[in-house]
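*Asks:* show me how the following folds:
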Amino acid sequence: PLQLKNTFVYFSPRHSSHTATNHESLQRRETPCNRRYVIDHYIPSPCIHQHSSTTFYPSTVVHAASALSKSVQNALDPSLTYSKADASPVTVADFSVQALILGRLKELFPQDRFIAEESSAAMRKAGETTMEEVRRRVSAARKASSWATEETKAEMTDAEIAECLDLGGFEGKGGERVWMLDPIDGTKGFLGKQQYCIALAFVDHGRVQVGVLGCPNLVLPSLPPLPTPV
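*Replies:* Below you'll find the model as predicted:
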C-alpha cells in the first residue's frame, strides 16, 4: 500500500482494500457489476460548475486506465516496445494510460498542472504502428468509461492524443494544484506479464492530498476472488 499522511490508499481493478483515519473526507461506494468496494478521497472541482462543486473520485479514471493496461498486457506485442534515450522500455500501455488519465483530468480541472513521464515526441519516434494502437486503445477506453458521453465516444485523432500526452510536461514551478502520474510503474514487470502499477497523486500547494495505485495483477488474499476478472 501507498502511505500518505496516515492514509493507505490501495486500489486494484479486481479487488480494493483501504484503511483510513480521516473518515470525514472519505466515502464508501459499491460497484454492483463486480462487487468492488472503494473508499476514496474526493476532490471538489469548482472548475466544472462555477456555482456548485463537482465531486471527482480519482480511482474512477485509474480503474479505467488499469483495465486498458491489462488489455494491452494480455495481447502484448513485443514489436510495439520501444527503448527511450536512457534505454528504459516504453510500451503502448505507457502512452495510452497517460493520454487517457491526463485527458480526463484536464476536462475536469482545466487550470491544474500535470507531471508525467511520456511525451508525444517519444510516441512519434516509436512509429506509426504504435501511434495507431495508442489511438485505438484510448478511444476504446473512453467509449467504455463511466464518464462516456457522445463527445468522448468519438474516435480521437493523433493530434488529440499528442495534446493529452504533452499535458505532462509541467516542470514543477508556479503550479498550485499539480497531478503527478507514472503511467506504468514497473515496465519490466509489465513486459513479463507480472506485477506493475499505475501511480497517480494530487498535490495542492506542495502538500500531497491524494494517492491512488492501480494494481491490475495483484490479488488480495483477504478477499475472495471475483467470479469474472475485470
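
*Asks:* alpha carbons only for contacts and neighbour counts from here, please
*Replies:* Will do.

*Asks:* got the phi/psi numbers for residue 112?
*Replies:* Reported as degrees, to the nearest 10, the phi and psi values for residue 112 are phi -80, psi 160.

*Asks:* thought it was touching residue 180?
*Replies:* No. Taking CA atoms under 8 Å as the definition, residue 112 is not a contact partner of residue 180, at 10.9 Å.

*Asks:* so residue 137: helix, strand or coil?
*Replies:* Put simply, residue 137 is helix when judged by DSSP: H, G, I helix; E, B strand; the rest coil.

*Asks:* which residue packs closest to it, ignoring adjacent ones?
*Replies:* residue 96 (6.6 Å; CA to CA, 6 or more residues apart in numbering).

*Asks:* same deal with residue 169?
*Replies:* residue 115 (5.8 Å).

*Asks:* phi, psi of the one you found?
*Replies:* According to degrees, to the nearest 10, residue 115 has phi -120, psi 120.

*Asks:* who's in contact with it?
*Replies:* 167, 168, 169, 170, 171, 172, 178, 179, 180, 181 (CA atoms under 8 Å, 6 or more residues apart in numbering).

*Asks:* and of those, the nearest to residue 150?
*Replies:* Residue 150 lies nearest to residue 167 out of those, by CA to CA, at 23.3 Å.

*Asks:* about what we covered before: among the contacts of residue 115, who's most crowded?
*Replies:* Counting neighbours by other CA atoms under 10 Å, residue 181 comes out on top of the contacts of residue 115 with 24 neighbours.

*Asks:* helix/strand/coil for that one?
*Replies:* Going by three-state DSSP: residue 181 is strand.

*Asks:* give me the beta-bridge partners of it?
*Replies:* With DSSP bridges as the criterion, residue 181 is bridged to residue 116, residue 200.

*Asks:* A strand includes residue 208, no?
*Replies:* Yes. Assessed by three-state DSSP, residue 208 belongs to a strand.

*Asks:* distance of it relative to residue 174?
*Replies:* Distance, residue 208 to residue 174, using CA to CA, to the nearest Å: 16 Å.

*Asks:* and residue 129, by the same measure?
*Replies:* 37 Å.

*Asks:* who touches residue 178 in this structure?
*Replies:* Going by CA under 8 Å, 6+ apart, the list of residues near residue 178 reads 112, 113, 114, 115, 202, 203, 204.

*Asks:* look up phi and psi at the second one.
*Replies:* Just to be clear, that refers to residue 113. Torsion angles, degrees, to the nearest 10, at residue 113: phi -110, psi 160.
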